[in-house]
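I would like the atomic coordinates for the input below:
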Amino acid sequence: MKRYWKKYRKVHIKGFLKEFSMLPEHPLKPVKYPGRFLKGLLCIDESSIPERIRKKCEIFDSIPESFEFPIFSKPKVSIIIPVYNNYNYTLNCMYSILKNTENIPYEVIIADDCSADKTRFIQDKIKNINVVKTQQNCGFLKNCNNAVKFAKGEYVHLLNNDTQVQKNWLSSLLQVFEKHKDAGIVGSKLIYPDGILQEAGGIIWKDATGCNYGKGQCPNDPEYNYLKEVDYCSGASVLFKKSIWDKIGGFDERFSPAYYEDTDFSFEVRKRGYKVYYQPLSEIVHFESVSHSLTHDELMNRNRQLFIEKHKNVLMKEHFNCSEGTFKARDKSRNKKTLVVIDYQIPKFDQSAGDRTTYQYLELFKELGFNIKFIPYNFTKEEPYTTIHQQMGIEVFYGVWYRHCIDTWFKNNSQQIDYIYLNRPYDAQIYINIIKKYTNAKIIYQGHDLHYLREERNYLISKDKECLNKAQKYKKIEFNIFKKVDTVCFFSQVEVDKVKKEIPNIKAIKLPLNIYKPQKLTDFSEERKNLLFVGSFTHPPNVDGILWFCNNVFPKILTKIPDIKLYIAGSKPSSTIKNLSNENIIVKGFVSDSELEELYKNCRLVVAPLRFGAGIKGKIIEAILNQVPVVTTSVGAEGLDNIDNLLTVADNEDNFAGKIIYLYNNMNLLKQISSLSSQYIEEYFSKKAVINAIDKEFGTQNDTYLLEMEKTLTVV
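Have a look, this model is predicted:
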């Protein structure tokens, strides 16, 4: 440990400080962490647990002697709290519900199992709750079964009284049901009062013993923060539809008074074709073992045997032995292929065309049934994008350990990885040797474009010798990668052909740049006005293109159409771009998807004046998707098949200006071009087109889920 620490400080101290600057306190020495070492490498003590975790794990300093819940005529969720004494914990639980449940109609049902303390009079203190009492003390299981009969909501949430719910605890659970029609049960992340993780979904091994995945770990670690299917979630906090509960008949009373009833219910739900999901955004502080006093090993062993007898076929067929590890057991991915996707950052899909492409492919890979691990080269948790991907069910790697020990992760999990999908040359060159050393996975390289070709074309315009140096550097990197991977992918056939010409035996294929659903035909009315340019200004060809257009082309257009305006939309515009603003040029900068949609709806023409670059241009596809005619250059049109009827191409300033003026004043031609857009997207950039392209490379051609996907694919 000491030897590594010296090396770590010398080589990685900047990254270490940057990473821990996000925490309220960041120790600069390895300190023992409660229950473990941080991935066996760098340790942090309790003070480094984010402040929000530590604060929320306290019982409220003061709770009013009385308070009241809102009344809803039609509650959507019935929150059922089974209790037996422990009045103060129940009060704390209810107060947290009141404070942290918003915009959801709900009711609170206290299921009192013959309490002998102040719980008997709880209705006198807390208004607008329903108290359901048993005739005699019957235990947790039967108490729940009795209480659910009184629920009025479409959904039922069983919540232990020794819990304290956090902000968005319930809305995030409901969100899973709204997005996943196969959801049967959704459970929460359980956290101990000291801020340590209790459970991030449960695992049931082949012998029916259980595992609270993540117990004793840091609740913020990435492996505990993605939406996933699980074997079960502890009954301390689970949400389900009442209709499913009624069909099953509630908890099986053979497991009375407690133990294995929640696990059995999860298995019964799965038997009926539904799934059990773990939702990390629903955080619950669980004081544990306060809600009941059963600690009988004999009772637990008895119920485990009952459980084995009831579910032995499923256990043998679908579950792992404990010795096989948690890699696939923790998210029920036994029958899924593991795909590791590597790119320079978490895709910021609303900021650049390249990131949008990666995001769309991740969506498709997830839909096709892959178990996806995403590695951003910067290992930074960038929001809201990281959470959006985690909510897609993708495990995103971030943090200190992954930043410095990703090779250890590959080594430890080499046998579990089926495919590696590398993006872009700089990231690929860093990982290619590690991947080749530790795994036998099929490696697919997605270049996005030929970087060396882009720089060569930049030199032809700028005459900057640095561009030639970059081109030589990129070419060396790219061709070194090509020789080490199984398949090379580009979005343009031009680049595929160039690579094949230089390396005849290489396997290089073309993939569609985007995955879209064709839009309904729009009414291209004469009310549309003005021009639109869209592009991220971190990409040099966009900067060069819009400056050339504004300085050399747009003035010629203004002589013929004086009132025309140019809208410039794109993330991270420099001061040079911002200074283009005048009464005819409106620099919008970054715009949301909804704002961009409005710009497309209102503009008459999109311009893409790209003078250098490589690959297919996302801005062109996006304009076609939105059924807006485009004027671009030969570089902008490169790689697009059968595009002549959709694009207007011009390469010098006079022609570019002339064609814009002609098109702008020819409404019939604009309408004709617009009407062809939807069919083009369906043929070249639909989900079906992409599946056909990736089929053999990702080994999906024989898989049931792909065949079913192709059967159900429809164009909306």
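
the closest residue to Glu363 other than its chain neighbours: what's it in contact with?
By the measure of C-beta to C-beta, 6 or more residues apart in numbering, the closest residue to Glu363 outside its immediate chain neighbours is Met392, 6.8 Å from it. C-betas here are computed from N, CA, C, even on glycine. When contacts are counted by C-beta atoms under 8 Å, 6 or more residues apart in numbering, Met392 touches Leu227, Leu362, Glu363, Lys366.

mind doing that once more with 7 Å?
Leu362, Glu363, Lys366 (C-beta atoms under 7 Å, 6 or more residues apart in numbering).

remind me, longest strand of the chain?
strand 275-286 (DSSP state E).

buried residues, stretch 356-363. List them.
For stretch 356-363, the neighbour count (16 or more other C-beta atoms under 10 Å) marks Arg356, Thr357, Thr358, Tyr359, Gln360, Tyr361, Leu362, Glu363 as buried.

over to stretch 205-212?
The neighbour-count check on stretch 205-212 (16+ other C-beta under 10 Å) flags Trp205, Lys206, Ala208, Gly210, Cys211, Asn212 as buried.

any chance of CSV for these, columns pLDDT and secondary structure?
CSV is the format used below for the buried residues of stretch 205-212 (pLDDT from 0 to 100; DSSP: H, G, I helix; E, B strand; the rest coil):
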residue, pLDDT, secondary structure
Trp205, 98, coil
Lys206, 97, coil
Ala208, 97, coil
Gly210, 94, strand
Cys211, 94, strand
Asn212, 95, strand
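
how about those residues, which pair is most distant?
Lys206 and Asn212 (17.4 Å; C-beta to C-beta).

which parts of the stretch 101-250 of the chain are helices?
122-125, 140-148, 169-179, 242-248 (DSSP state H, counting those that start in this stretch).

after the longest strand of the chain, heading C-terminal, what element do we hit next?
helix 297-318 (DSSP states H and E).

does anything pack onto that next one? Which helices or strands?
Judged by 3 or more C-beta pairs under 7 Å, 6 or more residues apart in numbering; DSSP states H and E, helix 297-318 is in contact with helix 261-271.

remind me what the helix it packs on packs against, helices and strands.
strand 183-191, helix 242-248, strand 275-286, helix 297-318.

what's the longest one in contact with?
Defining contact as C-beta under 7 Å, 6+ apart, one finds that helix 297-318 is touched by Lys206, Ala208, Arg254, Phe255, Tyr259, Tyr260, Thr263, Asp264, Phe267, Arg334.

mind giving me the ChimeraX select for these, buried ones only?
If you want just the buried ones from the contacts of helix 297-318 in ChimeraX, going by 16+ other C-beta under 10 Å, the selection is:
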select :206,208,255,259,260,263,264,267
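
may I ask which two of the contacts of helix 297-318 are separated the most?
Among the contacts of helix 297-318, Arg254 and Arg334 lie farthest apart (C-beta to C-beta), at 27.8 Å.

which of the contacts of Met392 fall in strands?
Per DSSP E, the subset of the contacts of Met392 in strands is empty.

picking that back up, of the helices and strands packed on helix 261-271, which stretch is the most buried?
Among the helices and strands packed on helix 261-271, the stretch with the highest mean neighbour count (mean count of other C-beta atoms under 10 Å) is strand 183-191, at a mean of 27.

dump the C-alpha coordinates for that one into CSV.
What follows is strand 183-191, C-alpha atoms only, in CSV (Å, rounded to 0.1, in the frame of the first residue of the first chain):
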residue,chain,number,x,y,z
ALA,A,183,-42.0,-3.6,-14.5
GLY,A,184,-43.7,-5.6,-11.8
ILE,A,185,-41.8,-4.5,-8.7
VAL,A,186,-39.5,-1.5,-8.2
GLY,A,187,-37.3,-1.3,-5.1
SER,A,188,-35.2,1.5,-3.5
LYS,A,189,-31.6,2.0,-2.6
LEU,A,190,-31.3,1.3,1.1
ILE,A,191,-28.7,3.3,3.1
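
centre of the chain to that strand, how far?
18 Å (C-alpha atoms, centre = their mean, to the nearest Å).

same check, this time on stretch 566-574
On C-alpha atoms, centre = their mean, the centre of stretch 566-574 falls 27 Å from the chain's centre.

same check on stretch 445-453?
The answer for stretch 445-453 is 25 Å, by C-alpha atoms, centre = their mean.

show me what it is in contact with.
Counting by C-beta under 7 Å, 6+ apart, residues outside stretch 445-453 touching it are 354, 421-425, 428, 471, 474-475, 478, 481, 485, 488-490, 495, 498, 614-615.

output the helices of the stretch 101-250 of the chain as CSV; include the columns distance to Ala236 and mean pLDDT.
Shown next, in CSV, are these (distance: least, C-beta to C-beta, whole Å; pLDDT from 0 to 100):
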stretch, distance to Ala236, mean pLDDT
helix 122-125, 20, 93
helix 140-148, 11, 96
helix 169-179, 12, 98
helix 242-248, 17, 97
